[in-house]
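Student: Sequence first, then the predicted structure, then my questions.
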Amino acid sequence: DLASLLKDSDARLRLGAVSLLGIPQFHEYAPDITLLLTDPDPSVRYHAVRSLGNLGLKEYAPNIVPMLKDPEARMRTSSAEALGKLGAVEYAQNIAALLKDPDEYPRGFSAEALGKLGAKEYVPDIAAVLKAPNFNIRLMAARSLATLTGQKFPGNERAILAAQAWWAQHQNDPEFAPKR
């Protein structure tokens, strides 16, 4: 039984079980998966967050929010991604805090999550992520801006240039003034 493996003393078995149970047809295991958010093994915690996001059960979003402050960048990254998948708009401010994360991956994935959540009030902060050194992170920010602003940026490196040019023209628009 996979549920019993979630409680096994062997982290490898817990990891395998939580990875397998992160699909919607196993939603009844969500309470057991939630317990793994405090697992001593970081890989188990990481996959627990991803599985909860994949299950699509928004009621588990409050359990994921504390993981946005995890010391490990991949935990912050997967938490932002999971909350975006869950449509957890009420946690947009928590996710937005990662736009200033010292690691670029949480910045990129939080930009992406905020785009999915329709959090237009963070457009200026997401635009700042367009300056990230990593191409993929910049592309995530550009795609988020396209979603939030209705712009049609190309789907490649030109998207970043187009988003940067658009932002340079619109950064002072009252529509995008911070409302926080």
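Tutor: Nice, thanks for sending it over. Residues are numbered from 1 along each chain as shown.
Student: and stretch 69-86, what's its mean pLDDT?
Tutor: Average pLDDT, stretch 69-86: 96.
Student: Buried ones in it, by neighbour count?
Tutor: Neighbour counts over stretch 69-86 (16 or more other CB atoms under 10 Å) mark 70, 73-86 as buried. Yep, even glycine has a C-beta here, placed from its N, CA and C like the rest.
Student: What segments of this structure are helices?
Tutor: Ranges of helices within the chain are 2-5, 11-20, 30-35, 42-55, 61-64, 73-85, 92-96, 104-116, 123-128, 135-149, 157-170, based on DSSP state H.
Student: so for stretch 131-150, what's the average pLDDT?
Tutor: Per-residue scores along stretch 131-150 average to 94.
Student: Flag every buried residue along it.
Tutor: For stretch 131-150, using 16+ other CB under 10 Å, the buried residues are 132, 137-149.
Student: can you check stretch 101-115 too?
Tutor: So stretch 101-115, judged by 16+ other CB under 10 Å, has buried residues 101, 104-115.
Student: Pull the residues that contact that stretch.
Tutor: Residues outside stretch 101-115 that contact it (CB atoms under 8 Å, 6 or more residues apart in numbering) are 73-74, 76-78, 80-81, 83-84, 92, 95-100, 122, 126, 129, 132-134, 136-138, 140-141, 143-148.
Student: how close does the nearest residue to residue 131 once chain neighbours are set aside sit to residue 51?
Tutor: Distance criterion CB to CB, 6 or more residues apart in numbering; nearest residue to residue 131, sequence neighbours excluded, is residue 138 at 7.6 Å. According to CB to CB, to the nearest Å, residue 138 and residue 51 sit 29 Å apart.
Student: How about residue 148?
Tutor: Applying CB to CB, the value for residue 148 to residue 51 is 28 Å.
Student: Over to residue 76?
Tutor: In terms of CB to CB, residue 76 sits 17 Å off from residue 51.
Student: low-scoring pLDDT stretches of this structure, where are they?
Tutor: 155, 178-180 (pLDDT under 70).
Student: swap the cut-off to 80 and go again
Tutor: 1, 154-157, 177-180 (pLDDT under 80).
Student: Tell me who's in contact with residue 63.
Tutor: The neighbourhood of residue 63, defined by CB under 8 Å, 6+ apart, consists of 34, 37, 52.
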